[in-house]
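**Q** Curious how this folds, go ahead:
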Amino acid sequence: MAEIMKILVVDDEENLRHMLQVMLRKHGYHVETAPDGSVALQMASHHQFTFILCDIRMPLMDGPVFLKKFAEAGFRSTIIMMSAYGTMETAIACMKQGAYDYISKPFKNDEILLVLKKAEERERLKREGRQLKEENKKENTCSDIISENPRMLEIFQLVKKVCDFRTSVLILGDSGTGKELIARAIHFTGNRSGQPFVAVNCGALPEALLESELFGHVKGAFTNAVSDKIGLFEQADKGTLFLDEIGEMQQSLQVKLLRSLQENEIRPVGAGAVRKVDVRVISATSKDLVKEVERGRFREDLFYRLNVFSIKVPPLRDRPEDIPLLIGHFLDKFGTSLGKAPVRLTSNALQALMRYHWPGNVRELQNCIERGLILCEGTEMDLDSFPGVICDCKTDNWSGGMFADCLSIKKADEMLERELIRRALERTCGNRTHAAKLLEISHRALLYKLKEYGLE
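**A** Predicted coordinates for the structure are as follows:
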């Protein structure tokens, strides 16, 4: 055996304990014995056993009581009950309480070995399932989000704080900033990671179809409803429902969504009864929902229901330090999938990508690198691999407009300094010590300039 299995035999018959110990040791198991459930509990508190063979009828503490106390203590072992004739109902009751299987006395050695082999296979499958869950969790957590930006690092901390709660989360940010990645990180980092993560784009479906998608429908509810359909809320039961582009949802559907969130229940289209659901809702939008509420396009009560815990994802133009990191990540990712040899950017190409303002954010950068790899024929990717709009960008996203009407060098210096200070404070969320380091000036100098420019 690749791994030595530790077995505890619990039985008041000394001869049976000895027989099982000798037989199982011959087949490679490490075996210990106990005369009753009380002794077995003490042994389990000091040693981890893979399997426990436990008799049902014993003095002091019998099998069913041992099974109950073993579970209450939080111990984890696969328990196989041994039952004499006439105690089959008790054995089945033990299985309902958590025992894996039972075997009737008297038994042959092969019967015990067969049950143990089945239990070993079950343990192997459970281990592989846990490994797959951990791999899936790792692939869907913040490790997928490439960033050294202080605001993004703060978002990672927010994800860890909210992930285990059922609290509604609203993720705000421009299109392409990675809002769904944040939503997945919340789900797969938290205690719902083993349950479904269901995503829907509220702006991609017409109102009538979206209602059916969210809540489901019953047969005959409308034309072409030839059978019952489970909605996304029910599909996400015990897990997370991600409502992307929530700002696009029509008001009539907003009312039904609000009721579902308040009552934790849904009513399928055409159904007469409601159905209870346990769903954590994460929503996202690139719209300014406060303005949408003011204009009467989004319900205020729904906004407050969704906005219990909000996360604002900064655009890529405010994360210039992340651009080289993302470029390297996408070069590796798409280089492998496209079967390309390792490719690096020329200095001119990197400068062009750094100057560009990226209105499509990380998604646009990703598409740009993938396109560039397809066009690139050597091991260096130059400007000719990128769209003209990127190559023609000579200034960054704010300086051209800032200095458009300014010819004074002194005034331009002040404007530039003020803007850099503002951006540094914004990126560090007002942390002046950190902002001074980004600006490469002393903390005292920063305080002086804040007073000079009236930025306090």
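**Q** show me where the stretch 151-300 of the chain has strands.
**A** Using DSSP state E, counting those that start in this stretch, the strands assigned to the stretch 151-300 of the chain run over residues 169-172, 197-201, 216-217, 229-230, 240-244, 265-266, 275-276, 280-285.
**Q** Can you convert the ones you listed into a markdown table and add a column each for mean neighbour count, distance to M61 and mean pLDDT?
**A** Using the backbone N, CA and C atoms, a C-beta is placed for each residue, glycine as well. Conversion of these to a markdown table gives the following (neighbours: other CB atoms under 10 Å; distance: least, CB to CB, whole Å; pLDDT from 0 to 100):
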| stretch | mean neighbour count | distance to M61 | mean pLDDT |
| --- | --- | --- | --- |
| strand 169-172 | 23 | 48 | 97 |
| strand 197-201 | 18 | 44 | 93 |
| strand 216-217 | 22 | 50 | 86 |
| strand 229-230 | 15 | 47 | 86 |
| strand 240-244 | 25 | 43 | 96 |
| strand 265-266 | 18 | 45 | 92 |
| strand 275-276 | 13 | 40 | 91 |
| strand 280-285 | 25 | 42 | 96 |
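**Q** S147: what secondary structure?
**A** coil (DSSP: H, G, I helix; E, B strand; the rest coil).
**Q** Identify the spatial nearest neighbour of it, chain neighbours not counted.
**A** What sits nearest to S147 in space, not counting adjacent residues and going by CB to CB, 6 or more residues apart in numbering, is D322, at 5.0 Å.
**Q** and the gap between the one you found and I182?
**A** Relative to I182, D322 is positioned 15 Å away (CB to CB, to the nearest Å).
**Q** out of the two, which sits in the busier spot?
**A** A direct count of neighbours by other CB atoms under 10 Å for D322 and I182 places I182 higher, at 26 against 20.
**Q** from what I can see that one touches F156, true?
**A** No. Using CB atoms under 8 Å, I182 makes no contact with F156, being 9.2 Å away.
**Q** who touches both of these two?
**A** Residues touching both I182 and F156 comprise I145, with contact defined as CB atoms under 8 Å, 6 or more residues apart in numbering.
**Q** circling back to that earlier point, doesn't the residue nearest to S147 belong to a strand?
**A** No. Read with three-state DSSP, D322 is helix and lies in no strand.
**Q** wait, what's in contact with it?
**A** By CB under 8 Å, 6+ apart, the residues touching D322 are 146-149, 152, 316.
**Q** ok, now T167?
**A** Contacts of T167 (CB under 8 Å, 6+ apart): 280, 308-309.
**Q** picking up where we left off before, dump the contacts of D322 into CSV; add distance to L302, pLDDT and neighbour count as well.
**A** Output for the contacts of D322, formatted as CSV (distance: CB to CB, whole Å; pLDDT from 0 to 100; neighbours: other CB atoms under 10 Å):
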residue, distance to L302, pLDDT, neighbour count
I146, 33, 83, 18
S147, 31, 87, 19
E148, 36, 84, 11
N149, 31, 87, 19
M152, 28, 91, 22
L316, 29, 91, 25
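**Q** residues in contact with K219?
**A** K219 sits next to 225-228 when contact means CB under 8 Å, 6+ apart.
**Q** Kindly report the domain assignment for this structure.
**A** Domains of the chain are assigned by automatic domain parsing as 6-134, 146-314, 317-391, 399-452.
**Q** Any idea how far the first one is from the middle of the chain?
**A** Average the C-alpha atoms of domain 6-134, do the same for its chain, and the two points are 36 Å apart (CA atoms, centre = their mean, to the nearest Å).
**Q** model confidence over it, on average?
**A** Mean per-residue pLDDT for domain 6-134: 85.
**Q** One more: stretch 287-299?
**A** For stretch 287-299, mean pLDDT is 93.
**Q** Verify the stated contact: A341 with M381.
**A** No. The criterion here is CB under 8 Å, and A341 misses it with M381 at 11.7 Å.
**Q** ok, these two, which is more surrounded?
**A** M381 (23 against 8).
**Q** Confirm for me that that one is in contact with R344.
**A** Yes. Counting by CB under 8 Å, R344 is a contact partner of M381 at 7.1 Å.
**Q** What number of residues are in the vicinity of G270?
**A** A count of nearby residues for G270, using other CB under 10 Å, gives 15.
**Q** For it, give me the pLDDT.
**A** Looking at G270, its pLDDT stands at 85.
**Q** got a list of what the closest residue to A208 other than its chain neighbours touches?
**A** Spatial nearest neighbour of A208, excluding adjacent residues (CB to CB, 6+ apart): F222 at 7.9 Å. If a contact means CB under 8 Å, 6+ apart, then F222 has 208, 269-270 as its contacts.
**Q** Now distance to R76 too, for those residues, in TSV please.
**A** Listed next are the contacts of F222 as TSV, based on distance: CB to CB, whole Å:
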residue	distance to R76
A208	49
V269	44
G270	46
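**Q** now, among the residues you listed, which is nearest to G216?
**A** V269 (7.1 Å; CB to CB).
**Q** Run through the bridge partners of the closest one.
**A** Taking DSSP bridges as the rule, V269 bridges to H217.
**Q** Any idea how many residues pack against it?
**A** Here the number of neighbours of V269 (other CB under 10 Å) works out to 18.
**Q** Quick check, it in contact with G216.
**A** Yes. The pair V269 / G216 is scored as a contact, 7.1 Å apart, by CB under 8 Å.
**Q** pLDDT at A404, what is it?
**A** Listed pLDDT for A404 reads 50.
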